Each structure stands twice: as structure tokens, then as C-alpha cells.
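Colleague: Okay, here's the prediction I keep looking at, along with the sequence it came from:
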Amino acid sequence: MAGCFHDRPPQLGCATEAACSTTSTTSTSTTTDEPTTSTSTTGASPEPRTFRIDSLRLVDPHLFSDICFDVTGLVNMFGLTQQIADGELNLVLHFADFDPAALAAVLGETESCDLAQQTCVPAEGVSLQLPVEVVTEAPCLALDPAVFAADNVSSLHAPEPTCFRTSAVELALPLGAADAPLNMLQTQVTFNFDDAEDPQAIVHGVVSGFLTRASAETVDIEVSGATYNLWAMVQGPEGCAESHPDLLPSVDELAGPDGPIEGVWLAFNATASRVALVPP
């Protein structure tokens, strides 16, 4: 599968050059998009807005160690949550011209963030252009619940109209304790703003996509000092499905041009808060 997927170190990537931008996530203006409440003025030019993902939690599938222990909570707490809180994982959605009626987002990484000051220094590198659809009628999520465990579906965020949904894209997503990015197909971000006119946060967010087995087999994740292969954790050890029939098996197939592609659908709950992009 051609594209610009990345290996090590983990970093953002995308699967088609047309969707990639090799510039930073900042706009051409030298002004910063301050994360303060403002009053709109009729006829004023749309201002840039940037939102840093401040929580990301894997909801489905659940991951199992080699002794059939559910380690999903550990991956979320000591991988994703800790790295985000420590400022080591800084993914942002940037809107160069924020117009709720005609949004276009850029998903990128930042060089660093000052979480106390709510500022981030943009990174020069690959960012991903994401057209955004305004959804005015339910459902907001373009997901087939049948590909997820029933108990997990009820734990997913449920954005409500009016909501926003990015187009489905292929990308390489760097995540937490994983030693290589996750090469995902049909990846979408669906969300609400806390305030449609003057948002300061993204709420009820869901990041979903199809992780191929080929990608998962190349990714190792550290959990409590031990290292596990991601695909092995998705499958669970032999006999584990008998102990967790509501969560396993998790393996799915996606129709591909050369036949079915084996992998698994992933779904994360996410939120994001507004930050200002500042020069180094």
C-alpha cells in the first residue's frame, strides 16, 4: 500500500501525498491564536484556532496480555494519559480560518507545549489536511456498531447534532507507549464544540479507524515494564476468548482492492482544549 507511512520514531504521517503538507501547522500570519473568549464582529475575517488533544482513551478493542489479563486500562492510564499530561504526546487540530459553516482542519504534531500557558510551538513536518463535514442530523458517528463489542459501544462518546466529522483518511498515528505509529485506514474524527460560535474546547470526540494486521504486527507496546506485540494483544492468547466472550474475538476484515484486509477497528474517546501557537 503506497504512501508516506512512517516507522520509527513515532510521528504523524499520511497515506497519500495529496493529503500531506510538509509545512508546520501554523498559518502564514505571525500572530498567535490566543485561547481566550472573543466576541465576533460582522464581516470580520475568520480567525485561526488550534485545539490540542488533552485526553485520548482506547475504548475498543480491549487488549490482553499473554496470560489473558485485560491491560487496556493500563495502556490508557500509563501510556496515553501519562504522555499527554507530561506534554510528550502533542496532537493538534488546527483551523487556519475558523468558520463553523465551512471548516477545514489540519491534524499535526507540535514540537512542544507549555500546558500551564496553553501554548504550543508548531513542528516542521508532515501534517494532514482534513475536510470537515457539518452533520445536522443524527447519527453523528459514521460507524457500524457491529464491528465493536456491544459493551464497549455504550462507552463511546456520543456527539450530537450539530456535530462535525472529518473525511475518512489513511494515516499513521503516533500513540503513547507504542514504539511505532499505527497505520490506519478510513480514519475519522467526530466531535462537538463546547460552544458552536466561540469554542474553547472539543468535546464528545471519537477517533476511529481500521488498523491493519500488517501494521499491528510491527508495533510493540510497553505495559508495566513488559513489552507486548500489539497484534498479539488484539487477538489475546489461546483460550482467552472463552474467559472474555463479550470482548473477544476482536479481529475484523475490511474489503480491499485485492481482497479482504485483516485487522481490527479501533475507537478512542477524545477531548481537546484550545491552545495558542507561538514561535520557538
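Modeller: Nice, I can see it.

Colleague: mind checking the end-to-end distance for stretch 113-121?
Modeller: 6 Å (Cα to Cα, to the nearest Å).

Colleague: And that stretch, what's buried?
Modeller: For stretch 113-121, the neighbour count (16 or more other Cβ atoms under 10 Å) marks 113, 115, 118-121 as buried. Glycine gets a C-beta too; all of them are placed from N, C-alpha and C.

Colleague: swap in stretch 186-206?
Modeller: Of the residues in stretch 186-206, those buried (16+ other Cβ under 10 Å) are 187-193, 199, 201-206.

Colleague: can you check stretch 57-77 too?
Modeller: 57-65, 68, 70-72, 74-76.

Colleague: try stretch 221-228
Modeller: Within stretch 221-228, judged by 16+ other Cβ under 10 Å, the buried ones are 221-223, 228.

Colleague: Need those residues in a markdown table (columns: secondary structure, distance to residue 245 and pLDDT).
Modeller: Formatted as a markdown table, these follow (DSSP: H, G, I helix; E, B strand; the rest coil; distance: Cβ to Cβ, whole Å; pLDDT from 0 to 100):
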| residue | secondary structure | distance to residue 245 | pLDDT |
| --- | --- | --- | --- |
| 221 | strand | 24 | 89 |
| 222 | strand | 28 | 84 |
| 223 | strand | 23 | 84 |
| 228 | strand | 22 | 93 |
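
Colleague: Next, give me the two most distant ones among these.
Modeller: 222 and 228 (8.0 Å; Cβ to Cβ).

Colleague: Tell me where this structure is predicted with low confidence.
Modeller: For the chain, the stretches flagged by pLDDT under 70 are 1-45, 126, 176-178.

Colleague: Spatially central residue in it, please.
Modeller: residue 207 (4.7 Å; Cα atoms, centre = their mean).

Colleague: That one against residue 184, yeah?
Modeller: No. Using Cβ atoms under 8 Å, residue 207 is not in contact with residue 184, being 9.2 Å away.

Colleague: What segments of the stretch 51-200 of the chain are strands?
Modeller: 91-95, 104-114, 119-122, 127-135, 163-166, 169-173, 182-193 (DSSP state E, counting those that start in this stretch).

Colleague: Packing partners of the first one?
Modeller: Counting contacts by 3 or more Cβ pairs under 8 Å, 6 or more residues apart in numbering; DSSP states H and E, strand 91-95 is packed against strand 49-60, strand 104-114, strand 259-277.

Colleague: same deal with the fourth one?
Modeller: Identification of packing neighbours for strand 127-135 by 3+ Cβ pairs under 8 Å, 6+ apart yields strand 20-21, strand 104-114, strand 163-166, strand 169-173.

Colleague: Nearest to residue 279, out of those?
Modeller: strand 104-114 (10.6 Å).

Colleague: Look up phi and psi at residue 243.
Modeller: Here is the backbone geometry of residue 243 (degrees, to the nearest 10): phi -90, psi -20.

Colleague: Make residue 1 into 231 and carry on from there
Modeller: All set: I'll call the first residue 231, so the last point we hit is now residue 473.

Colleague: Make sure it is actually in contact with residue 297.
Modeller: No. Taking contacts as Cβ under 8 Å, residue 473 lies outside contact range of residue 297: 10.6 Å.

Colleague: got any residues that touch both of residue 437 and residue 414?
Modeller: 403, 496 (Cβ atoms under 8 Å, 6 or more residues apart in numbering).
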